[in-house]
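1. next come a sequence and a model predicted from it.
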Amino acid sequence: MGTALNTNVIDSYLALLKNLSPGAKLDLIAKLTQSLKADMKPSENLFKSSFGAWQGSESAEQIIADIRNSRTFTRQIEEL
């Protein structure tokens with residue numbers, strides 16, 4: 001259903017653009033190309049930004065202690 005809707009929208013735009021001058025069509029193509037290039041530029045490479053050194057003011061021992069202190073155990077051993 002979505003593809004048919006997109007096709008109808010595209011056909012409607014083409015009917016409007018058919019009457020434009022060749023220069024106006026070229027300007028429109030240039031602007032559409034620029035907007036596509038802007039959309040394709042990654043704002044930040046998230047994959048590469050996930051690597052690197054840890055940046056924090058806590059020491060390694062403090063981070064380890066925080067992790068260990070935040071652990072919760074829900075295991076309950078039943079008597080036999």
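-> Here it is on my side, so go on. None of the values given here were measured: they were computed from a predicted structure.

2. quick one: average confidence on the one helix or strand D11 maps to?
-> Assigned by DSSP states H and E, D11 belongs to helix 2-17. For helix 2-17, mean pLDDT rounds to 85.

3. go on, stretch 67-75?
-> 89.

4. how far does it stretch from start to finish?
-> For stretch 67-75, the first-to-last residue distance is 19 Å (Cα to Cα, to the nearest Å).

5. now it, how far from the centre of its chain.
-> 34 Å (Cα atoms, centre = their mean, to the nearest Å).

6. helices along this structure, start to end?
-> Applying DSSP state H to the chain gives helices spanning 2-17, 22-40, 46-49, 60-70.

7. what lies in contact with the second one?
-> By Cβ atoms under 8 Å, 6 or more residues apart in numbering, the residues outside helix 22-40 that reach it are 17, 20. The way it works is simple: take the backbone N, C-alpha and C, and place the C-beta from them, glycine included.

8. re the thing from before, nearest to E79, of the helices of the chain?
-> For E79, the closest of the helices of the chain is helix 60-70, at 28.2 Å, according to Cβ to Cβ.

9. tell me what angle the helix holding D11 forms with helix 22-40.
-> Angle of helix 2-17 versus helix 22-40, following axes from the mean of the first three to the mean of the last three Cα atoms, to 10 degrees, is 140 degrees.

10. next, the buried residues of helix 2-17.
-> Of all the residues in helix 2-17, not one is buried under the rule 16 or more other Cβ atoms under 10 Å.

11. give me the contacts around it.
-> Here helix 2-17 has contacts from 25, 28, using Cβ under 8 Å, 6+ apart.

12. okay, it in PDB with CA atoms only?
-> The C-alpha coordinates for helix 2-17 follow below in PDB (Å, rounded to 0.1, in the frame of the first residue of the first chain):
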ATOM      1  CA  GLY A   2       2.800   2.400   0.800                       C
ATOM      2  CA  THR A   3       4.500   1.900  -2.500                       C
ATOM      3  CA  ALA A   4       1.300   2.700  -4.400                       C
ATOM      4  CA  LEU A   5       0.900   5.800  -2.400                       C
ATOM      5  CA  ASN A   6       4.500   6.900  -3.100                       C
ATOM      6  CA  THR A   7       4.000   6.200  -6.800                       C
ATOM      7  CA  ASN A   8       0.800   8.400  -6.800                       C
ATOM      8  CA  VAL A   9       2.700  11.200  -5.100                       C
ATOM      9  CA  ILE A  10       5.600  11.000  -7.500                       C
ATOM     10  CA  ASP A  11       3.200  11.000 -10.500                       C
ATOM     11  CA  SER A  12       1.400  14.100  -9.100                       C
ATOM     12  CA  TYR A  13       4.700  16.000  -8.700                       C
ATOM     13  CA  LEU A  14       5.800  15.000 -12.200                       C
ATOM     14  CA  ALA A  15       2.500  16.400 -13.600                       C
ATOM     15  CA  LEU A  16       3.300  19.700 -11.900                       C
ATOM     16  CA  LEU A  17       6.900  19.800 -13.000                       C
END
